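Participant: coordinates only, sequence not included:
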């Protein structure tokens, strides 16, 4: 099955005082990959500054804006269209030899190749007393364990907005047991990595429709590397395997590699940003 | 006392336990210094006091100054210059030069490997922790092929002569090694003060550094560029090495810029000029990795250029040194240098490594904690001599303090036996006489596309406090003109 998506992304920024110089970098364009094709991008800003297309350090597409005039208000509107292909997340042949898969992930070459997604970052660092919060049962396949981990994270935290921010670390999240999609994802990644499975933080859009958490904002989930299967997506906020509803933008070690909007501004005083995301689909 | 009728050295106290570079064990003057000592002996100590005062004010008037960050006042200081030069014999220099070059080349190949296949780790020759626990390992650099395959275009190798008469490397500096301008200024200053002595010695010139640096920068121009436009970027006039940045730009004949003078458009870098934007192709950057681009690294960096890293990643501009070199001059990497040299070059190391204990290894940590008074404890990721503890100079409570620090964060520390740096007669203001002071040597190696060059000279740094072993300028060190004699 195919779905045709249109996504709209809006950011409205207002500042108390004049902004004399500003640089923004948007990491919001859907990635082109096996399941996402024919991507079209429209992007504009309210003060008609030039929009430049570039890449970030990990090679994902970005849009940069550097207005040449001062302003107090600026808004950005992006709309994307793409075709998303449905892939059955269970449509794979179960691993013939579970032991071999575990041998593989403990192999030095494997660890070296996936080092970025096995390392502990500031945002994926588990508190010492919680390193064994979720331990794999090696009698079951890696995929089964990850599914259990997905469920564990989903159950361990409850979804609550405005209690955490992009700097909140895992010790607080584990203690208070609440957060939003990036917190669920950070916890999932940390525990997968703790069990030697490479996990990367993914940012993207979620097609709401089904009442999932994570609509009206950008969403976050994780991809883990499983021997013989490759990268498999898990959405711990919704206890789902990623599906046709998940439209990927970028991945990285944690939120910091994927933040949708980075800005460097020269101004003083208060500022306010309002983001909104809408995802529409039409079956093909 | 030493066997000399020389007036200015008559009161020179020689500690027989130290390796004095100009007197042998019996107090006789070493051959290459004989003529120099005679020439200096024509002057009285009063002449010295005068010359020294003049040299100092000349440095200050030229603005050859630096700043020490830990001090409250940000007053500029001159890097104290000593009028008595250090001489390196041709046969010794051969070892130093080939050894410096060997290390720089090995480190360059190591960096290429770390940012591509990582064979050296997969084959178990160096541990994975060197990258996985290093904040200086930049994933953004993966699979980038810098022009000419060069990462550490400019390397500074810190070398000492131990009591056994052999040369040892203390550290490799391959981020933004500084100090080369002092090498050149020291030569100029000495020529001005005591021109006559140069008539009696055939020393290699050091003023060819800038032309070699420019050659290097031009050799690593981006693809498709004919005549590259090179610039030097500085964090600004408050940086401790600002004089050097301006000096190098001036002597190379290129622009000195700050971040705000550059901008990126469609992934090309431009310099603002009164005639309009001018494309920039090669940047000799004296800004640390995390500050070069606020959109990619530290968002609060006010000294970088937004979008610079994307331009670099697309191959439209060359940065020297390449981002991410810091992973290889970590002091934990240092200890693997013999293996790294062997692996990439299939050669034995020409310069020795000081034995190093890794506090991350439990058995070595145990040894370190039990032997702190005999060791130098260094944090693995600090430069400029900050955070170093020298065991035999610590009080009992300080030892306990160090033990606690190391115990809490073992990965952060390495330890080495206390090396006895050689000493050199140095004029001391307070006593108005020459005294023994410890010295080291920083060499400058340049690697480019089909280009290699080691500056025949280098920065001899002097620890001005009696008995002190740390020679960094930020720790109150001075320097000497360093002569490499022609064969």
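Facilitator: Now that the structure is in, tell me what you want to look at. None of these values were measured; they are calculated from a predicted model. Numbers count the residues shown, from 1 in each chain, chains lettered A, B, ... in the order given.

Participant: and the closest residue to residue B:253 other than its chain neighbours, how many neighbours?
Facilitator: What sits nearest to residue B:253 in space, not counting adjacent residues and going by Cβ to Cβ, 6 or more residues apart in numbering or on different chains, is residue B:214, at 7.4 Å. Just so you know, the C-beta spots here come from the backbone N, C-alpha and C atoms, and that holds for glycine as well. Per other Cβ atoms under 10 Å in any protein chain shown, the neighbour tally for residue B:214 reads 18.

Participant: residue B:214 is in contact with residue B:250, isn't it?
Facilitator: No. With contacts counted by Cβ atoms under 8 Å, residue B:214 stays clear of residue B:250, the gap being 11.8 Å.

Participant: is the residue nearest to residue A:56 when sequence neighbours are not counted in a helix, a strand, or coil?
Facilitator: With sequence-adjacent residues excluded and distances taken as Cβ to Cβ, 6+ apart, residue A:56 is closest to residue A:62, at 5.1 Å. When classified by DSSP: H, G, I helix; E, B strand; the rest coil, residue A:62 comes out as strand.

Participant: so how far is residue A:78 from residue A:62?
Facilitator: Separation of residue A:62 from residue A:78 (Cβ to Cβ, to the nearest Å): 12 Å.

Participant: what touches both of those two?
Facilitator: Common contacts of residue A:62 and residue A:78 (Cβ atoms under 8 Å, 6 or more residues apart in numbering or on different chains): A:26, A:29.

Participant: what's residue B:166 sitting at in phi/psi?
Facilitator: Torsion angles at residue B:166 (phi, psi; degrees, to the nearest 10) stand at phi -100, psi 160.

Participant: beta partners of the nearest residue to it once chain neighbours are set aside?
Facilitator: Setting aside the residues directly before and after it, residue B:166 is nearest to residue B:352 in space (Cβ to Cβ, 6+ apart), at 5.7 Å. Taking DSSP bridges as the rule, residue B:352 bridges to residue B:168.

Participant: ok, residue B:352 - contacts?
Facilitator: Contact partners of residue B:352, counting by Cβ under 8 Å, 6+ apart, are B:166-169.

Participant: so the residue in the stretch 301-450 of chain B that chain A sits nearest to: helix, strand or coil?
Facilitator: When scored by Cβ to the nearest Cβ, the stretch 301-450 of chain B has residue B:306 as its residue closest to chain A, at 4.0 Å. The local conformation at residue B:306, judged by three-state DSSP, is coil.

Participant: kindly indicate which of the contacts of residue B:352 lies nearest chain A.
Facilitator: residue B:169 (27.2 Å).

Participant: what's the neighbour count on residue 227?
Facilitator: Since you didn't name a chain, this refers to chain A. Residues contacting residue A:227 under the criterion other Cβ under 10 Å number 17.

Participant: switch to chain B, that's the one I care about
Facilitator: A count of neighbours around residue B:227, defined by other Cβ under 10 Å, yields 8.

Participant: measure it to residue B:282 for me?
Facilitator: For residue B:227, the distance to residue B:282 - Cβ to Cβ - is 11 Å.

Participant: give me the common contacts of the two.
Facilitator: Common neighbours of residue B:227 and residue B:282 are listed as residue B:218 (criterion: Cβ under 8 Å, 6+ apart).

Participant: OK, contacts around residue A:246?
Facilitator: By Cβ under 8 Å, 6+ apart, residue A:246 lies in contact with A:204-207, A:219, A:221, A:233, A:235.

Participant: now it: how far from residue A:179?
Facilitator: Separation of residue A:246 from residue A:179 (Cβ to Cβ) stands at 19 Å.

Participant: one more: residue B:278?
Facilitator: As it turns out, when the distance is counted by Cβ to Cβ, residue B:278 lies 49 Å from residue A:179.

Participant: and the closest residue to chain B within the stretch 1-150 of chain A, how close does it get to residue B:117?
Facilitator: Among all residues of the stretch 1-150 of chain A, residue A:57 sits closest to chain B, at 3.2 Å; criterion: Cβ to the nearest Cβ. With distances defined as Cβ to Cβ, the gap from residue A:57 to residue B:117 amounts to 20 Å.

Participant: neighbour count winner among the two?
Facilitator: More neighbours sit around residue A:57 than around the other of residue A:57 and residue B:117, counting by other Cβ under 10 Å; the figures are 23 against 13.

Participant: doesn't that one lie inside a helix?
Facilitator: No. Inclusion of residue A:57 in a helix is not indicated when three-state DSSP is applied; the result is coil.

Participant: ok, back up a step: just to be sure, the residue nearest to residue B:253 is in a strand?
Facilitator: No. If the criterion is three-state DSSP, then residue B:214 is helix and not within a strand.

Participant: list the contacts for it?
Facilitator: Neighbouring residues of residue B:214 by Cβ under 8 Å, 6+ apart: B:230, B:252-254.

Participant: please redo it, this time with the cut-off set to 10 Å
Facilitator: Residues in contact with residue B:214 (Cβ atoms under 10 Å, 6 or more residues apart in numbering or on different chains) are B:230, B:248, B:251-254, B:282, B:284.

Participant: in the stretch 351-487 of chain B, what spans have low per-residue confidence?
Facilitator: Residues of the stretch 351-487 of chain B that meet the criterion pLDDT under 70 lie in B:382-385, B:469-476.

Participant: tell me where it has helices.
Facilitator: Read by DSSP state H, counting those that start in this stretch, the stretch 351-487 of chain B holds these helices, from start to end of the chain: B:362-370, B:396-408.

Participant: deepest of those helices, which one?
Facilitator: Burial of these is given as mean neighbour count (mean count of other Cβ atoms under 10 Å in any protein chain shown); helix B:362-370 ranks first at a mean of 15.

Participant: outline the domain layout of chain A.
Facilitator: Here the domain assignment for chain A is A:2-85+A:260-283, A:98-258, based on automatic domain parsing.

Participant: any chance of those domains in CSV, with mean pLDDT too?
Facilitator: Rendered in CSV, the data for the domains of chain A read as follows (pLDDT from 0 to 100):
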stretch, mean pLDDT
domain A:2-85+A:260-283, 92
domain A:98-258, 93
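
Participant: most packed of the ones you listed?
Facilitator: A comparison of the domains of chain A by mean neighbour count, using mean count of other Cβ under 10 Å, puts domain A:98-258 on top with a mean of 19.

Participant: tell me how far the ends of that domain are from each other?
Facilitator: Using Cα to Cα, to the nearest Å, the end-to-end distance of domain A:98-258 comes out at 33 Å.

Participant: what's the answer for stretch B:367-376, then?
Facilitator: Using Cα to Cα, the span of stretch B:367-376 from its first residue to its last is 13 Å.

Participant: what mean pLDDT does stretch B:94-113 get?
Facilitator: Mean pLDDT, taken over the full extent of stretch B:94-113, equals 98.

Participant: no, scratch that, I was asking about stretch B:137-154
Facilitator: Throughout stretch B:137-154, pLDDT has a mean value of 97.

Participant: now do the same end-to-end measure for that stretch.
Facilitator: The stretch stretch B:137-154 measures 18 Å between its terminal residues, going by Cα to Cα.

Participant: buried stuff in that stretch?
Facilitator: Neighbour counts over stretch B:137-154 (16 or more other Cβ atoms under 10 Å in any protein chain shown) mark B:137-142, B:144, B:146-148, B:150-154 as buried.

Participant: report the contact partners of the closest residue to residue B:407 other than its chain neighbours.
Facilitator: Nearest residue to residue B:407 in three dimensions, chain neighbours excluded: residue B:369, at 6.7 Å (Cβ to Cβ, 6+ apart). By Cβ under 10 Å, 6+ apart, the contact list for residue B:369 reads B:359, B:375, B:399, B:402-404, B:406-407, B:410, B:415.

Participant: the stretch 1-150 of chain A: strands as residue ranges?
Facilitator: Using DSSP state E, counting those that start in this stretch, the strands of the stretch 1-150 of chain A run over residues A:2-19, A:21-26, A:36-45, A:51-55, A:61-65, A:71-85.

Participant: residue A:269 is nearest to which of those?
Facilitator: Of all the strands of the stretch 1-150 of chain A, strand A:2-19 sits nearest to residue A:269, with 3.4 Å by Cβ to Cβ.
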